[in-house]
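# A structural model of the following input is requested.
(chains A, B, C and D)
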Protein chains: 2
Amino acid sequence: MVLDVTEVAGGPHDAVGFLLAQLGTVTARRFREVLTPLGIEPRQFAVLRLVAQSEGQSQQALGDSLHIAPSQMVSLVDELEQRGLVERRANPSDRRVRALHVTAAGRKTLAAAGRLAMEHETRLCEPLQPGERQALIAMLQRLAAAQGLHPGVHPGLDHGS
Amino acid sequence: MVLDVTEVAGGPHDAVGFLLAQLGTVTARRFREVLTPLGIEPRQFAVLRLVAQSEGQSQQALGDSLHIAPSQMVSLVDELEQRGLVERRANPSDRRVRALHVTAAGRKTLAAAGRLAMEHETRLCEPLQPGERQALIAMLQRLAAAQGLHPGVHPGLDHGS
DNA sequence: TATTGTTATACTCTATAACTATA
DNA sequence: TATAGTTATAGAGTATAACAATA
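Numbering: from 1, shown residues only, chains lettered A, B, ... in the order given. Okay, here's the model as predicted:
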C-alpha cells in the first residue's frame, strides 16, 4: 500500500497529519534499507522476532498476531526458511500445522537486526534534545491509542483496525 | 508504496520510528477516507490546491513541484477534468503544453476539502493538550528537516529525496 | 463440515519505456 | 534534437478465492 496524504491547515507543512504521513513513509523506507544487508524485510524481521519470542507456534497464529494474511505468511516464511533463519517442523498431534522455530543463524540475524534497528532509531532521533524523545514517544503513543492502534502491531499490515 | 516498519528497542512500541510509521499509515488512510465524499484522493487534493495557487502552469511543472511523474499526472488530471474541477487549456505560444486552471466547481471542492482536512487534523490531535500540538509539530518538523524532507511535498510521492 | 497451509487470480500502484506532436 | 503530454508495459504489493490434506 502506498502512503498518500496531503493535509492542510494554512499549508500542509504545519499539520500533524501531514508530517506524520510524510515522516512515516520516509522512516519506513529508510528502515527497509537499513535491513537490506541482512537480506530481510521489515515484516520478516517482525515474524522472526515473534517466532523467537514464542517458538513452535503455527504460521496462522503468528499471522493473526501480526495482522498478516495466511497467504502472505507462506511466501514470507518461505524466504526465511530458504535463508536458513527459521524451520517449519511437523506437529505430531495435528499434521496440518507447521510449527515454526528459529535456527541458530536466525538468532544471529535477529540480534544483528536489533542492533541495526537501534542505530536507525538513534539516527532518526538525533535532532531531539535529551528528554524530548520521551516526550515525543508519549504524545505519539497517546495519538496511536486514540486511533485504536495496538502497540506491537506492524503498521503496513494493520489494515483493518 | 507500502509502509512496512517494525522497529525495536526493547519492543517496537517505544520506538519513535515504529510509532511514526504506524501513525503515518493510519493517518494517511483515514485522510483518504475523509476525502471520499468529495470524490477525490489526497494527491488530487494536492494538485487541485497547487493549481489554484498558481494558475496556468503546465502539468509537468506541477508534477515537478509535487514529485509526481508525468505519466501519473495524466490520469490524475484526467479524473479532475472529468469531474469538472480543472480545465486543460491550450497555450497559444507553445501548443504542446496544457495550461491548468481551476473551475468554479473546483474552488468549491477545494474549500470543502480544506474544511474536511481541518476537521481531520482536529480529530487527530484531540488527545493532545493545548500547547502540546505546537510542541509536537516543532519536533516533527525538526525530524523531517534532518531527513532532508521538503516542507510542502507529499510523502507518498517523495521517493527520491 | 471446518481448518492449515498453499496456490492461483485479480487488482492496485508504481516505474519505465515507447510514442505523438510540437518545438 | 529535445520537450509536453500521452500511452503501453512490466513489476511489486495486496486481497480474495479456490484447493489439498487433515481434523
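
# what's the distance between the closest residue to chain B within chain A and DNA strand D?
Residue nearest to chain B within chain A (C-beta to the nearest C-beta): residue A:24, separated by 1.6 Å. Where C-beta positions appear, they are placed from N, C-alpha and C, glycine not excepted. Using C-beta to the nearest atom of the strand, to the nearest Å, residue A:24 is found at 13 Å from DNA strand D.

# do residue A:101 as well
For residue A:101, the distance to DNA strand D (C-beta to the nearest atom of the strand) stands at 19 Å.

# So what's the residue count around that residue?
Residues near residue A:101, counting by other C-beta atoms under 10 Å in any protein chain shown, number 14.

# Show me the beta-bridge partners of it.
In this entry, residue A:101 is beta-bridged to residue A:87, by DSSP bridges.

# Quick check: which element contains the residue of chain A closest to chain B?
helix A:16-35 (DSSP states H and E).

# That helix close to DNA strand C?
No: Helix A:16-35 stays clear of DNA strand C (C-beta under 7 Å from any atom of the strand), getting no nearer than 9.4 Å.

# now do stretch A:51-64
Yes: using C-beta under 7 Å from any atom of the strand, stretch A:51-64 comes into contact with DNA strand C via A:58, A:59, A:60, A:61.

# mean confidence score for that stretch?
The pLDDT scores in stretch A:51-64 average 97.

# Return the residues of chain A in contact with DNA strand C.
Applying C-beta under 7 Å from any atom of the strand, we find that chain A lies next to DNA strand C at A:2, A:4, A:58-61, A:70-71, A:73-75, A:77-78, A:88, A:96-98.

# Taking those, please make a PyMOL selection of just the buried ones.
The buried subset of the residues of chain A next to DNA strand C, as determined by 16 or more other C-beta atoms under 10 Å in any protein chain shown, is captured in PyMOL by this line:
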select buried, chain A and resi 4+58+59+61+73+77+88+97+98
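
# that older thread, the residue of chain A closest to chain B touches residue B:27, doesn't it?
Yes: proximity of residue A:24 to residue B:27 meets the contact threshold set by C-beta atoms under 8 Å, at 7.4 Å.

# Do a quick rundown of the strands in chain A.
Along chain A, counting by DSSP state E, strands occupy A:86-90, A:98-102.
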